[in-house]
Each structure stands twice: as structure tokens, then as C-alpha cells.
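# Below are the sequence and a predicted model for it; my questions follow.
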Amino acid sequence: DFTVSTASLTVSKLSRVVRDNLNGSGTSADPTNPKAVPGATVEYCIVVVNSGSQPATDVTVSDDLGLVPDVTFDSSFTPATNGTVVSGNTCTAGGGTGSFAANVVSGTLTDIAGGETRTLVFRVTID
């Protein structure tokens, strides 16, 4: 008789408009009621949740922006790993650093214990 315990991961992608240049000068990180219009900055958060009983190790997350029409990677915001979801579609940036190369945003998440969440956060500009 034996029991097998594993990690069980679910992945989702959240987004929110953080700046649109319509509500004031566009220099505010959180303008009032921003819209997804050309020139707007959208923050994406890829969320990995481990609902299993064992930690997930060496989890690498990537997103090919070449598959997303009409957006450009925002190089003024360094992709961040190991954050969490604060509420709704808002995530913290976390303490790790992701990367952007060949139109792909990626990052390796630290061990995700059972019941924990880790994120990869990055920004794009709508063309």
C-alpha cells in the first residue's frame, strides 16, 4: 500500500490597463478608469497555483508576444517573478526578475509549495 503525492498546477493569465494617456499626462501609474486604446499600457500577470501536496520546482513560464497582435513589449518595466495576486486582476511584482528575448517574455518561479501561488508580471503597449 502506498500513496503518491504530486504537485498540481493551474495557470491563468490576468490583465489590467494601468495607463492610457487619455486621463491626464499619462505619467501616472494608476490613472482613473484607464481605457485599452492605442498607446495604453497593459499589465499582464501569469498566475501559477499549486493545489497539490508537493512543491513544484523549476517552473518556467513564458509568453510569446509574437502571437498577440498589435502589442509591443514595454522595456521600461522589467518582467518580475514570484509575486502573488493581490485582488481581482492585480498582482504584485515579486522579488525575481524575468527576461524578454526573441519576442518571448519568460521567467523561472521559485519552488511553489502546495497551496501557494507565484506570478510572472510584465507590461506591453497597445500599438
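Ah, there it is. Numbers count the residues shown, from 1 in each chain.

# Quick check: bridge partners of the spatially most central residue of the chain?
Nearest residue to the geometric centre of the chain (CA atoms, centre = their mean): residue 45, 2.2 Å. Here residue 45 sits in beta bridges with residue 14, residue 121, as judged by DSSP bridges.

# Roughly how far does it sit from residue 6?
The span separating residue 45 from residue 6 equals 25 Å under the rule CB to CB, to the nearest Å. Every C-beta, even on glycine, is put in place using the N, C-alpha and C of the backbone.

# ditto for residue 50
Distance from residue 50 to residue 6, by CB to CB: 10 Å.

# who has more neighbours, those two?
Higher neighbour count among residue 50 and residue 6: residue 50, with 23 against 11, using other CB atoms under 10 Å.

# OK, contacts around the residue nearest to the centre of the chain?
13, 14, 15, 83, 85, 89, 90, 91, 119, 120, 121 (CB atoms under 8 Å, 6 or more residues apart in numbering).

# ok, residue 110 touching residue 83?
No - contact criterion CB atoms under 8 Å: residue 110 and residue 83 do not qualify, at 11.0 Å.

# okay, and the common contacts of these two?
With CB under 8 Å, 6+ apart as the test, residue 110 and residue 83 both reach residue 118.

# Now do the residue nearest to residue 82 when sequence neighbours are not counted against residue 79, distance only.
Counting by CB to CB, 6 or more residues apart in numbering, residue 82 lies nearest to residue 94, which is 3.7 Å off, once chain neighbours are set aside. In this structure, residue 94 and residue 79 are 10 Å apart, going by CB to CB.
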